[in-house]
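1. Can you look at this prediction? I've put the sequence above it.
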Amino acid sequence: MSVHATAIIAPTAVIPESCTIGPWCTVGPGVVLGEECELISHVVLDGQLKVGARNRFHPFACVGVAPQDLKYKGEATGVTLGDENTIRECVTISRGTAGGGGVTRVGSHCLIMAYAHVGHDSVIGDHCILANNATLAGHVTVEDYVTVGAFSPIHQFCRIGRHAYIGGGTVVTQDVLPFSLTSATREAHAFGMNKVGLERRGFDRQRLRSLHHAFRLLLAAKVNTAQALEKLREEGVDSADVAYLVEFVEGSKRGIIR
């Protein structure tokens, strides 16, 4: 493998020959890297960290470091990353805690931009983007194809539904509807369906039409959330996307952003 002379690698770390370790990187004893990973420089990998193939870590990224949780007492917890993620400068991804399941998870094909933070026991799906300084507190769930805008903090235990787009500077303290465009003026609001993003991902007119109708009931009609859900049931849910949207709302523990 290509390892710079200044890198410090624990003897028990597992690193395939196809990996590249740049200058001043530190790799801890519990780290397992997949094929063709690259640590550009000054990267810290620690804890029980399992990384898939072709991940790229930019300078000063810290992954698998101890959680920022006063209850943490050094338990053997970890982080897992899927394949082909890009971890940009100064990103921090904390390992899990015993009380939260012990593992922080990041899927595959994600872009985590500079200075973003992924807190302990959080779960991120596939094809997600966390823009600069996006901050996930502990126990946050981010489903597939989500974009979290720059400088957006996400409260503990919040769930972000798949294909959601969160505008920059949005403070999220409740669950974010899947397929939604959610942003902040003075407080967070769901402005409707993320139409442009869904079109780019191949949603056809019928899928968009069904979701648009559901969002009109949830967000624009003069009914509360329970009444909107009842109306959708009465009409008959004939779309898998709408069925998932209804299930998401019904399963929300923190309430949803409308």
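-> Yep, it's here.

2. Quick check: the closest residue in space to residue 10 that isn't next to it in sequence vs residue 15, distance?
-> The shortest distance from residue 10 to any non-neighbouring residue, by CB to CB, 6 or more residues apart in numbering, is to residue 29 (3.8 Å). Where you see a C-beta, it was placed from the backbone N, CA and C, and this is true even at glycine. Distance of residue 29 to residue 15, given as CB to CB, to the nearest Å: 12 Å.

3. who has more neighbours, the two?
-> Ranked by neighbour count (other CB atoms under 10 Å), residue 29 and residue 15 place residue 15 first, with 21 against 13.

4. does the more buried one really touch residue 36, like I thought?
-> No - under the criterion of CB atoms under 8 Å, residue 15 lies out of contact with residue 36, with a separation of 11.2 Å.

5. How about the secondary structure of residue 105?
-> strand (DSSP: H, G, I helix; E, B strand; the rest coil).

6. Can you give me the neighbour number for it?
-> By the measure other CB under 10 Å, the count of residues near residue 105 is 20.

7. Distance of it relative to residue 177?
-> 22 Å.

8. So for this protein, the centremost residue is which one?
-> residue 124 (3.3 Å; CA atoms, centre = their mean).

9. what's near enough to touch it?
-> Remark: with contacts taken as CB atoms under 8 Å, 6 or more residues apart in numbering, residue 124 is in contact with 105, 106, 107, 110, 118, 130, 136, 142.

10. Quick check: buried residues in the lowest-mean-pLDDT helix or strand in the chain?
-> In the chain, no helix or strand scores lower on mean pLDDT, DSSP states H and E than strand 188-193, which sits at a mean of 83. With burial defined by 16 or more other CB atoms under 10 Å, the residues of strand 188-193 counted as buried are 188, 189, 190, 192, 193.

11. Name the next helix or strand following it along the chain.
-> Next in sequence after strand 188-193, counting helices and strands by DSSP states H and E, comes helix 195-200.

12. What is that next one packed up against?
-> With contacts defined as 3 or more CB pairs under 8 Å, 6 or more residues apart in numbering; DSSP states H and E, the packing partners of helix 195-200 are helix 205-215.

13. in the helix or strand following the helix it packs on, what counts as buried?
-> Read in the C-terminal direction, the helix or strand following helix 205-215 is helix 225-235, with elements assigned using DSSP H and E. Applying a neighbour-count criterion of 16+ other CB under 10 Å, the buried positions in helix 225-235 are 225, 228, 229, 232.

14. Now do the contacts for the closest residue to the second one other than its chain neighbours.
-> Yep, that's residue 228 we're talking about. Here the nearest residue to residue 228 in space, its sequence neighbours aside, is residue 217; by CB to CB, 6+ apart that works out to 4.4 Å. Contact analysis of residue 217 by CB under 8 Å, 6+ apart lists 223, 228, 231, 232.

15. And those residues, which is the shakiest by pLDDT?
-> For the contacts of residue 217, the model is least confident at residue 223; its pLDDT is 84.

16. Could you list the domains of this protein?
-> 2-142, 198-251 (automatic domain parsing).

17. and those domains as a markdown table, adding distance to residue 171?
-> As requested, these are exported to a markdown table (distance: least, CB to CB, whole Å):
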| stretch | distance to residue 171 |
| --- | --- |
| domain 2-142 | 10 |
| domain 198-251 | 19 |
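
18. tally of neighbours for residue 167?
-> The criterion is other CB under 10 Å. On that basis, residue 167 has 19 neighbouring residues.

19. Now it. Nearest residue, chain neighbours left out?
-> The shortest distance from residue 167 to any residue that is not its chain neighbour, by CB to CB, 6+ apart, is 3.0 Å, and that residue is residue 183.

20. how close does that neighbour sit to residue 235?
-> Residue 183 sits 29 Å away from residue 235 when distances are taken as CB to CB.

21. picking up where we left off before, looks like the residue nearest to residue 167 contacts residue 189 (just checking).
-> Yes - counting by CB under 8 Å, residue 183 does reach residue 189; the two are 7.0 Å apart.
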